[in-house]
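A.B. asks: got a sequence here, can you build the structure:
(one chain, ligands or ions: 2)
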Amino acid sequence: MRLLRHSAALAALSLVVACGDDSMMNESETGSTSSTGSTSAGESETGGEDGRAYYDGAESAALGADGNKATCATCHSDDGSQDGLPGNTLMDIAFHTSFKGGDAADLLAGANACITGWMGGTALAADDAEWVALKGFIESISSPDMTTPNALEPEVLDDEAAYEAAYAGGDAVAGADAYAKACAVCHDSGLQVGSTAAYPKMTLAAYTVGRIAQKVRTSGPPPSGANDMADSTPGPMPFFEAKDLSATDLADIIAHIKG
Ligand code: HEC
Ligand code: HEC
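C.D. replies: Ligands and ions are numbered 1, 2, ... in the order given. The predicted structure is shown next:
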């Protein structure tokens, strides 16, 4: 097994940003937030709760492509929990010294990688009202003492066959709960992530064990999970590191999907 840190991921993500700017410049994404921070200083001090909608509400989904239904809360908790979620908890994250395994220098760059890469939206600028509100919320759930960055350790194997060998033979019964926790939020409701709706569970069953495992471990804007052409699983679905979803749970989920 090779564990790669994506040194090239941010470069690629900025390409995604550039494409996004060209193709989906969308005035309606700005200007919808006149209520934020413009009037009372008291409001922006407690800006935490005011900004929550940019984490888990319609305001959050609107940061993405037209019709995007994924919010930050689809992939990140706000309470320190991690189980079954592909993104790290946003609790105690705001004051980390870097993000995305060192590839994003500040919180805005880390958030923009998700807004452009997964949600299909346009990168926010530091003084956009949306960002001021969202940052206020994330800071309100973060201790300034917590500054150590999280590691970023996608499980990148050589090819689909290697994933097939690693993930065959799971327990279909045990996989039901793990599927409900990690996959159902998108695949049982056809949730639109960026511009693409998640396929129904029965469609997933047609993929090989190796393909499903590779997708779960390395999905994302190219070259998410890999720095080379071996990454054949780009797309708006997020990847899950081993700390988000254990190898046993993933093998069981795949057995469950394939019935
Ligand atoms: C479709 C899933 C998804 C959505 C939606 C999403 N993210 Fe992420 N995010 C991820 C994944 C996967 C990672 C990479 C793993 C990690 O570092 O947590 C990540 C990483 C991050 C990081 C870096 C974390 C770290 O520890 O270095 C930040 C900050 C972040 N996201 C913020 C946001 C914010 C803010 C939003 C909403 C505007 C958002 N994300 C929306 C999946 C998502
Ligand atoms: C945040 C939403 C989200 C979550 C959570 C999620 N998926 Fe997906 N998934 C998608 C979307 C959207 C697509 C279609 C776009 C793409 O391929 O990225 C997709 C596509 C797939 C595919 C098609 C692969 C291919 O080669 O095209 C498979 C297999 C899959 N998901 C399995 C899973 C499994 C297993 C889980 C749970 C461990 C999971 N997904 C969790 C959103 C999600």
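A.B. asks: and what about residue 172, helix, strand or coil?
C.D. replies: coil (DSSP: H, G, I helix; E, B strand; the rest coil).
A.B. asks: so how far is residue 126 from it?
C.D. replies: Residue 172 sits 48 Å away from residue 126, going by CB to CB, to the nearest Å. For the C-beta atoms, the positions are set from N, CA and C on the backbone; glycine is no exception.
A.B. asks: please say which of those two ends up with more neighbours.
C.D. replies: The neighbour count for residue 172 versus residue 126, taken as other CB atoms under 10 Å, is higher for residue 172 (15 against 9).
A.B. asks: tell me the residues of the chain that contact ligand 1?
C.D. replies: For the chain, the residues in contact with ligand 1 (CB under 6 Å from any ligand atom) are 60, 63, 70, 72, 74-76, 86-88, 93, 99-100, 107, 110-111, 114-115, 118-119, 134, 150, 152, 193, 238-239.
A.B. asks: which of the residues you listed come close to ligand 2?
C.D. replies: Applying CB under 6 Å from any ligand atom to the residues of the chain next to ligand 1, one finds that 70, 74, 75, 193, 238 fall near ligand 2.
A.B. asks: just the residues you listed: which has the poorest pLDDT?
C.D. replies: Ranked by pLDDT, these bottom out at residue 238 (93).
A.B. asks: quick check: that one touching residue 88?
C.D. replies: No - Residue 238 lies out of contact with residue 88 (CB atoms under 8 Å); the separation is 11.3 Å.
A.B. asks: hmm, back to that, considering the ones next to ligand 2 among the residues of the chain next to ligand 1, which possesses the most neighbours?
C.D. replies: Going by other CB under 10 Å, residue 70 tops those with 26 neighbours.
A.B. asks: on the strand side of things, show who the closest residue to that one other than its chain neighbours bridges to.
C.D. replies: Leaving out its chain neighbours, the residue that sits closest to residue 70 by CB to CB, 6 or more residues apart in numbering is residue 193, at 4.5 Å. Residue 193 has the following beta-bridge partners by DSSP bridges: residue 196.
A.B. asks: pretty sure residue 193 contacts residue 118?
C.D. replies: Yes - if you go by CB under 8 Å, residue 193 and residue 118 touch, sitting 6.2 Å apart.
A.B. asks: tell me, what's touching the two both at once?
C.D. replies: By the contact definition CB atoms under 8 Å, 6 or more residues apart in numbering, residue 193 and residue 118 are jointly contacted by 64, 70, 236.
A.B. asks: ok, now which ones touch the last one?
C.D. replies: What it means is residue 236. 70, 117, 118, 119, 120, 193, 194, 195, 196, 220, 221.
A.B. asks: which of the helices or strands spans it?
C.D. replies: Using DSSP states H and E, residue 236 sits in no helix or strand.
A.B. asks: cheers, nothing more for now.
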